[in-house]
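K.L.:
Have a look at this prediction, sequence included:
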Number of protein chains: 4
Amino acid sequence: MSTAEKTADRSASKKARTRQRLVDAARTVFNADGFYDSKLSDIPPEAGLSTGTFYNYFTSKEEIFQAVMVDVLAELQEIRTERNIATRRRPVDSIREANRTYLQGYRRNARLMADCNALARMNPAIREIKDQIDSVFETRLATAIRRWQQQGIAINDVDPLYAANALAYMVDRFANEFYVFGKPYEQEQAIDTLTKLWARALGVPTD
Amino acid sequence: MSTAEKTADRSASKKARTRQRLVDAARTVFNADGFYDSKLSDIPPEAGLSTGTFYNYFTSKEEIFQAVMVDVLAELQEIRTERNIATRRRPVDSIREANRTYLQGYRRNARLMADCNALARMNPAIREIKDQIDSVFETRLATAIRRWQQQGIAINDVDPLYAANALAYMVDRFANEFYVFGKPYEQEQAIDTLTKLWARALGVPTD
Amino acid sequence: MSTAEKTADRSASKKARTRQRLVDAARTVFNADGFYDSKLSDIPPEAGLSTGTFYNYFTSKEEIFQAVMVDVLAELQEIRTERNIATRRRPVDSIREANRTYLQGYRRNARLMADCNALARMNPAIREIKDQIDSVFETRLATAIRRWQQQGIAINDVDPLYAANALAYMVDRFANEFYVFGKPYEQEQAIDTLTKLWARALGVPTD
Amino acid sequence: MSTAEKTADRSASKKARTRQRLVDAARTVFNADGFYDSKLSDIPPEAGLSTGTFYNYFTSKEEIFQAVMVDVLAELQEIRTERNIATRRRPVDSIREANRTYLQGYRRNARLMADCNALARMNPAIREIKDQIDSVFETRLATAIRRWQQQGIAINDVDPLYAANALAYMVDRFANEFYVFGKPYEQEQAIDTLTKLWARALGVPTD
DNA sequence: AATGAATGAGGTTTCATTCAT
DNA sequence: TATGAATGAAACCTCATTCAT
């Protein structure tokens, strides 16, 4: 590798690091104040940078929100890869594990998730991320339901995708009320109830 | 009735009518553009009034949003009164009816409902309305579940309130994806799937 | 007097009374909040009337201020007529009496007097009233000085008008600091000091 | 000095210069149109800047008025330091000099001084500056009077502070009528009259 | 690449005044 | 004459974005 190449490399990685600092700062700010109530000018200082620098990396407030959500998506995907819903022995354990994972993941990003929903309406790029985040759970879950149906474990008078989505929505919205609005739920009881409802809804044995 | 009284009366009713025109206009504007992407100054023209008039009745965009949601709440309450969930013969029919009603009601106010959730985070007054809207469904549903549990129709190893809320969330969020984001669902199939999932989740007979 | 005439009369006097109610209300409002910080719309309610009525009698906020100051002027003139500065036996007593009168008169109208000065700059009609108010004291005082000069009681190396005005200003400004700004003076000591300074400035015997 | 420090330095001094440009522009505008008849949005253009810039430095019209008066105060204090009232040989010469100085200083800032009095009523911060401006003259003058009283030059049957203030008020108000309202006085005669009245009022020899 | 002062479009808000009843 | 809701010009203020250094 030539010196020039090394310099280019170092510079590229420096760029990447500065960019990441901005994204992390934005995540902090958006999670604290919400997208609409935060000022763009609060982000660069949070990263120890200046306003002008922001525009060397992003062209708008929405664009960096998008970048934040890409990070969130990546994290959620990583978690899903680690604990695959369909590899557990008993379906109900898979479901319980999935619910626990989702609630914990949501908690970290509560505000972001809520704002993402709001912004997805207006901004196609963010919409796409939201769809990907949704599908992290939904497609895998639909696949699992389909398999359980074939194995005769789950009822098969419902469309797997409708069912998967509906049940995923239940958990998502529960998490929203719990962590964003602070509704007075208790986490273990929530996971237990959600798991029972979910399993029974699909006809999966619960004991 | 004295002349002065008549005048006061006429004036009071005129005020009420103008206020209602503004609220209706706001509802139109908010439903079309969303709360954040609409400007306050779009509302008075929509009502055939001038900017200044707005401030004779409301002090901010959030305040009139709140008034709009009060109307929405009233409408939803009226619908619930008409078709009481627990008076139907078969529980599963009550559930189906409730789901149908909710989806149809949501459709009319899709954008508003979504924005209400977003705004409830920041604004206590709106939060209160959201809670009331939520409870229109949740408390009645929890009551029904409790009754079914007592009658041995529904499983009783879950807390009625947790279950009621979780299932209500499922429908609410489904409606949101369906009507706000335009996910390609089909209404009858949605109602059918939601009803089946819901009934089975509670152990209520479905046929 | 015909019935028609009587009716016209009664109506005219009713108009006058309504007008006076507005002027009195304006005086109250202006004295409480100051001209610039008061709203025109606070005046009619203070008089038990409505906004619209205001414009049957006056064409603007400044116009009614002017009317208020005309009243103030009339009151000050009345006081001056009662206690004529030059008719007292000893000049110093006249001066003391004048100072006492002025301070007491100012006190009642402190805010108005201050605002009148500010408004006089922009509004010729108000300027005229201010000049008349000033001259209530100044011309009489100048006349007195001139007489005292002729009688050899007062020094005559100063122009009577300059001297009269300067000394009137001293008292006026003192009253302003005392009553408008609440400077911690004591009224009797103020009158005594102002009288001594004034008399000695003119060479008038003080004992 | 590091590059960063130099940059910070340059930026700080640029900020200071821009701020001063705004203050100077505000002084021009307020002196021309008066505080109440000027609009905030006239100030930045007068400084060759834009509306938004104003709000990087000040939060309101009153706040920048205050900054203007701080400048005025500084100038008046500087003048007083140069020509100390009590160091002249003959008291009457000190008085004449003080009066001349005051009238000339007032002339430059006539409108501002008048507005300052009006605003001091409503705004505590401006009130404080007005008090400081007043005291520039009053305390020094009171000290001088006290000294003259001790030396037997001035009468001592009046409180030095009352006398100092009253006489300062006389000059201040004269200047106000002269320069703000354009009363047809002649400057030299004004100074002469004020000086004679002042000196005689205190019993200070005039020839 | 980093800086942060400057920008100004885009909104909000006030309140003296009008006018239909 | 009295009413008071309606008006809209005229201000105010914010903050995402630009740009000279």
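P.N.:
Nice, I can see it. Numbering: from 1, shown residues only, chains lettered A, B, ... in the order given.

K.L.:
Select the longest helix from chain A.
P.N.:
When chain A is parsed with DSSP state H, its longest helix is helix A:3-33.

K.L.:
Can you list the buried residues in the helix or strand that comes right after that helix?
P.N.:
Using DSSP states H and E, the helix or strand that follows helix A:3-33 in sequence is helix A:43-46. Buried residues in helix A:43-46, defined by neighbour count with 16 or more other CB atoms under 10 Å in any protein chain shown: A:Ile43, A:Pro44, A:Glu46. C-beta: built from backbone N, CA, C; applies to glycine.

K.L.:
Mind splitting chain A into its structural domains?
P.N.:
Annotated domains of chain A cover A:1-58, A:61-202 [automatic domain parsing].

K.L.:
Centre of the chain to the first one, how far?
P.N.:
Centroid separation between domain A:1-58 and its chain, computed with CA atoms, centre = their mean, to the nearest Å, is 21 Å.

K.L.:
is that domain anywhere near DNA strand F?
P.N.:
Yes. Domain A:1-58 lies within reach of DNA strand F by CB under 7 Å from any atom of the strand, at A:Lys39, A:Leu40, A:Ser41, A:Thr51, A:Gly52, A:Phe54, A:Tyr55.

K.L.:
Just the buried subset of those residues, please.
P.N.:
A:Phe54.

K.L.:
Tabulate the residues of domain A:1-58 next to DNA strand F (a markdown table), appending distance to chain B and pLDDT.
P.N.:
Shown next, in a markdown table, are the residues of domain A:1-58 next to DNA strand F (distance: CB to the nearest CB, whole Å; pLDDT from 0 to 100):
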| residue | distance to chain B | pLDDT |
| --- | --- | --- |
| A:Lys39 | 15 | 95 |
| A:Leu40 | 15 | 96 |
| A:Ser41 | 19 | 95 |
| A:Thr51 | 23 | 95 |
| A:Gly52 | 27 | 95 |
| A:Phe54 | 21 | 97 |
| A:Tyr55 | 23 | 96 |
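
K.L.:
Just name the closest of the residues of domain A:1-58 next to DNA strand F to C:Met69, please.
P.N.:
A:Lys39 (48.6 Å; CB to CB).

K.L.:
ok, the closest one to C:Leu76 distance?
P.N.:
Remark: distance between A:Lys39 and C:Leu76 (CB to CB, to the nearest Å) = 56 Å.

K.L.:
Can you read off the backbone torsions of A:Pro184?
P.N.:
When read as degrees, to the nearest 10, the backbone of A:Pro184 gives phi -80, psi 60.

K.L.:
Give me the neighbour count for it.
P.N.:
Other residues near A:Pro184 come to 5 when the count uses other CB atoms under 10 Å in any protein chain shown.

K.L.:
any idea how far it lies from A:Ala190?
P.N.:
Noted for A:Pro184: a distance of 11 Å to A:Ala190, by CB to CB.

K.L.:
And A:Ile133, by the same measure?
P.N.:
In terms of CB to CB, A:Ile133 sits 21 Å off from A:Ala190.

K.L.:
Find the helix or strand that A:Thr53 is a member of.
P.N.:
Taking DSSP H and E as the definition, one finds A:Thr53 inside helix A:51-57.

K.L.:
and the residue lying closest to A:Ala154 once chain neighbours are set aside, how many residues sit next to it?
P.N.:
When the adjacent residues along the chain are set aside, A:Ala154 lies closest to A:Trp148, with 3.6 Å between them (CB to CB, 6 or more residues apart in numbering or on different chains). Per other CB under 10 Å, the neighbour tally for A:Trp148 reads 20.

K.L.:
In terms of secondary structure, what does the helix or strand that the helix holding A:Thr53 is followed by contact?
P.N.:
Sequence-wise, the next helix or strand downstream of helix A:51-57 (DSSP H and E) is helix A:61-82. On a contact count with 3 or more CB pairs under 8 Å, 6 or more residues apart in numbering or on different chains; DSSP states H and E, helix A:61-82 meets helix A:3-33, helix A:91-108, helix A:110-120, helix A:124-150.

K.L.:
what packs against the helix or strand bottoming out on mean pLDDT in chain A?
P.N.:
Of all helical and strand segments in chain A, the minimum by mean pLDDT, DSSP states H and E falls on helix A:3-33, at a mean of 85. Packing contacts for helix A:3-33, counted by 3+ CB pairs under 8 Å, 6+ apart, involve helix A:43-46, helix A:51-57, helix A:61-82, helix A:110-120.

K.L.:
Next one: A:Pro205 from A:Tyr102, what distance?
P.N.:
Using CB to CB, we find A:Pro205 at a distance of 22 Å from A:Tyr102.

K.L.:
Check the offset of stretch A:197-204 from the chain's centre.
P.N.:
On CA atoms, centre = their mean, the centre of stretch A:197-204 falls 24 Å from the chain's centre.
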